[in-house]
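In: structure for the following, please:
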Amino acid sequence: MQASTVDLVADTARAAAARRTMAWVAGGLAAAATAAGAWLAPPDELQGDAQRLMYVHVPAAWVAYAAFAVVLMASGAYLIGGDLRWDRFARAAAELGVVLTAAAIATGSVWGHLVWGTWWAWDPRLVSTALLLLTYAGYLALRRALAERTGARDGGDHRVAKPAAVAGVAGFLLVPVVHFSVVWWRSLHQQATMLAPHRPPIDARMATALLLAVAAATLAACCVLLHRVVRLERRLAPEPAPTAERTPVRVG
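Out: A predicted model of the protein is given here:
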């Protein structure tokens, strides 16, 4: 692993200070994104203020994609090099991605209820996102099942890491399906705002608020990921060998 990555997840005062700095920057970006989304950006011409959910929904979905990309890269790095630290990154990123995918589905459901008049529709984007959530929830369940069956420590044993890494690489195949589902099939869901073959028009103020929200969510997710990896490192660290107690010897 690269030294810079190891430094950020090291259990040292210097690394902890760097992580706190990242958290403060993420908080500042979040405050700016909140102000831009609530006051700078205008309401949508057709959806009104319901469209402001975009500034939560889209960052959640984007960072979920990014988290699953980390699972892919960390799993691949583990399979190539066999370093269990990469497996811990994959586990932490999968946990983050599952939470954020659930958040994206929840906020999308509220948005759909306000705009479409229904909480759920059998839409390609919704169905594929639900499958993505189930896939990575299954990935975490696989890790737990392997750990329980083998008696291994999840994140600290190759018997769990190797099958999980294969599943982590395979699971990422669903991410492009989810993202481009609105392009490949007829969908109620609006086209992708940023990463689309033909980018739809968006008001500059809306774009600014959205980019700030995505930046804040990305940096905050990095902070959570690093914190989680540090916690795993602490839990899986070998316990120090007990020192033998010295019994005073009386002379005479």
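In: C-alpha from now on. contacts and neighbour counts both.
Out: Noted.
In: return the residues in contact with residue 224.
Out: residue 96 (C-alpha atoms under 8 Å, 6 or more residues apart in numbering).
In: number the residues from 21 up from this point.
Out: Okay, residue one is now 21; in that scheme the one you just asked about reads as residue 244.
In: after the lowest-mean-pLDDT helix or strand in the chain, heading C-terminal, what element do we hit next?
Out: Ranked by mean pLDDT, DSSP states H and E, the weakest helix or strand in the chain is helix 23-28, scoring a mean of 55. Using DSSP states H and E, the helix or strand that directly follows helix 23-28 along the chain is helix 33-55.
In: list the buried ones in that following helix?
Out: Neighbour counts over helix 33-55 (16 or more other C-alpha atoms under 10 Å) mark 36, 39, 42, 43, 46, 47, 49, 50, 52, 53, 54 as buried.
In: swap in stretch 176-194?
Out: For stretch 176-194, burial by neighbour count (16+ other C-alpha under 10 Å) applies to 176-189, 191-192, 194.
In: mind putting the buried residues of helix 33-55 into a markdown table with pLDDT and distance to residue 256?
Out: Shown next, in a markdown table, are those (pLDDT from 0 to 100; distance: C-alpha to C-alpha, whole Å):
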| residue | pLDDT | distance to residue 256 |
| --- | --- | --- |
| 36 | 82 | 19 |
| 39 | 85 | 21 |
| 42 | 88 | 25 |
| 43 | 90 | 25 |
| 46 | 92 | 28 |
| 47 | 92 | 30 |
| 49 | 92 | 33 |
| 50 | 92 | 33 |
| 52 | 93 | 38 |
| 53 | 90 | 37 |
| 54 | 90 | 38 |
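In: now these as TSV including distance to residue 115?
Out: As requested, those are exported to TSV (distance: C-alpha to C-alpha, whole Å):
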residue	distance to residue 115
36	21
39	19
42	20
43	19
46	20
47	22
49	23
50	22
52	27
53	25
54	25
